[in-house]
Structure formats: structure tokens, C-alpha cells
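>>> Coordinates only, no sequence provided:
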């Protein structure tokens with residue numbers, strides 16, 4: 001097997017043995033095997049997160065939709081209901097993590113490996129009152145530094161928006177909320193949906209593959 005731009009390459013080889021001095025007859029043909037990213041995946045993401053923190057506040061995080069294209073903005077909205085007075089948002093950090101897992105025949109599963117493909121943070125001092133809601137934007141990077149979401153028998157690429165929000169109360173005591181929301185990053189053109197992920201952009205580490213040889217067959221004359 002060979003990895004070529006994320007495609008697992010197989011060769012079908014046929015051989016006919018001859019008794020003459022001109023040698024055997026051989027023929028080869030390359031085939032590619034991969035599985036498309038199903039549209040069913042898009043409907044299985046849940047772009048909302050709810051919770052509370054130490055009886056100080058309850059929060060709701062949401063993103064604008066389930067799937068995105070390169071260079072598109074991800075609108076991230078936070079809603080907070082304070083349970084104490086004097087609550088302030090001090091800092092908001094957002095990022096997109098790319099997780100990559102591999103399956104190597106005869107060796108097993110490897111990963112997931114994670115890498116941050118984009119990150120941004122905002123310092124703030126907003127007083128959180130009842131019904132507080134605010135939206136920030138984070139841009140999906142271009143395709144030169146990432147891979148699209150994909151899944152096959154050999155490689156899986158997934159993306160998550162991660163969030164970290166820091167609060168302070170009236171006495172300066174701080175609380176931190178960390179959460180993540182799954183997203184799907186797809187090409188702008190539907191004709192590119194079946195393109196396999198590029199290994200060099202999926203993760204820093206690539207597991208080694210070994211050649212698979214067919215068993216030797218007895219000669220037939």
C-alpha cells in the first residue's frame with residue numbers, strides 16, 4: 001500500500017506463466033478505495049452547550065450552524081444568567097481543533113492527534129446582567145493549513161470549536177468555563193466532497209504502513 005495525498009492506493013496484478021523463453025505475461029491496474037463523507041454527519045452535530053458554574057451563573061453557548069466552508073465566519077453566541085451580583089466577563093478565548101485518527105491494517109488504531117488550526121481571544125470587562133447575550137466571530141482557516149472532515153476505513157478527520165470564558169465576581173474571585181462544540185468543515189464545491197483528506201495537513205505524525213504481499217502460488221503448466 002502507498003499513501004499518496006491521502007489516497008490509499010491498491011494495485012491489481014495478474015500474471016500468466018509461459019514456458020517459452022519470452023517470459024511471463026503480466027498486467028497491472030491501479031484502483032482507489034475510499035468512502036464519501038455522508039451528509040448524515042451534518043445532522044448529528046449539536047451546536048449548543050448548556051451548564052452552570054459553582055452556583056454563580058448559568059450559561060448557554062451556541063454557534064450559527066452545523067457546517068462551514070474555508071474562510072467562513074463562525075458566529076459564537078454566549079448567553080449568561082447571573083446567580084450573583086457583580087458578575088463580569090473578563091476574557092473569552094475561541095479556537096478550532098482538528099482531530100485525526102488512523103487505522104493501519106495489521107497494526108491497529110492510532111490517535112486521535114489534535115492540533116489547533118486557528119485561535120483568537122478577547123479581553124473584556126462586561127458586567128453580566130439578567131438576559132446578557134453577546135456574539136463573537138471566529139474565521140475558519142483556508143484549506144492550505146487544514147483538512148476537511150472525512151471518514152474512511154483508514155483515516156478520520158473531525159473538527160471542534162473549543163471555548164474558554166473567564167468570569168469574575170464583585171470580590172475579584174474568578175471562575176472559568178471550558179466547553180467544545182462539534183462542527184463539520186466541507187469544501188465550497190459539492191464536487192469536492194469525495195476528495196480524500198491530505199495526510200500532510202491532517203496531523204503532524206503519520207503512522208508507518210507496511211506492504212501487503214499476496215501469498216505465493218504454485219506454478220501451473
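Yep, that arrived. Bear in mind that the values here come from a model prediction, so they are computed numbers and not experimental data.
>>> What is the burial count for residue 71?
11 (other Cβ atoms under 10 Å). Every C-beta, even on glycine, is put in place using the N, C-alpha and C of the backbone.
>>> just for the chain, where's the confidence low?
Scanning the chain for pLDDT under 70 picks out 1-10, 18-23, 30-47, 190-221.
>>> in it, which spans are strands?
2-4, 7-16, 25-32, 48-53, 57-63, 67-68, 73-82, 88-104, 108-127, 132-139, 150-151, 155-168, 174-185 (DSSP state E).
>>> Dump those into CSV; add mean neighbour count as well.
Shown next, in CSV, are the strands of the chain (neighbours: other Cβ atoms under 10 Å):
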stretch, mean neighbour count
strand 2-4, 14
strand 7-16, 12
strand 25-32, 10
strand 48-53, 13
strand 57-63, 19
strand 67-68, 20
strand 73-82, 18
strand 88-104, 19
strand 108-127, 13
strand 132-139, 14
strand 150-151, 21
strand 155-168, 20
strand 174-185, 17
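>>> For residue 178, see how far away the most centrally placed residue in the chain is.
Taking Cα atoms, centre = their mean as the criterion, residue 158 is the residue nearest the geometric centre of the chain, at 2.1 Å. For residue 158, the distance to residue 178 equals 18 Å [Cβ to Cβ, to the nearest Å].
>>> Next: residue 89.
Applying Cβ to Cβ to residue 89 and residue 178 gives a distance of 15 Å.
>>> and the gap between the residue nearest to the centre of the chain and residue 139?
19 Å.
>>> likewise residue 99?
From residue 99 to residue 139 the distance is 20 Å (Cβ to Cβ).
>>> who touches the spatially closest residue to residue 13 that is not a sequence neighbour in this structure?
The shortest distance from residue 13 to any non-neighbouring residue, by Cβ to Cβ, 6 or more residues apart in numbering, is to residue 28 (4.9 Å). Residues near residue 28 by Cβ atoms under 8 Å, 6 or more residues apart in numbering: 11, 12, 13, 14.
>>> thought the first one was touching residue 29?
Right, residue 11. Yes: at 7.2 Å, residue 11 counts as touching residue 29 under the criterion of Cβ atoms under 8 Å.
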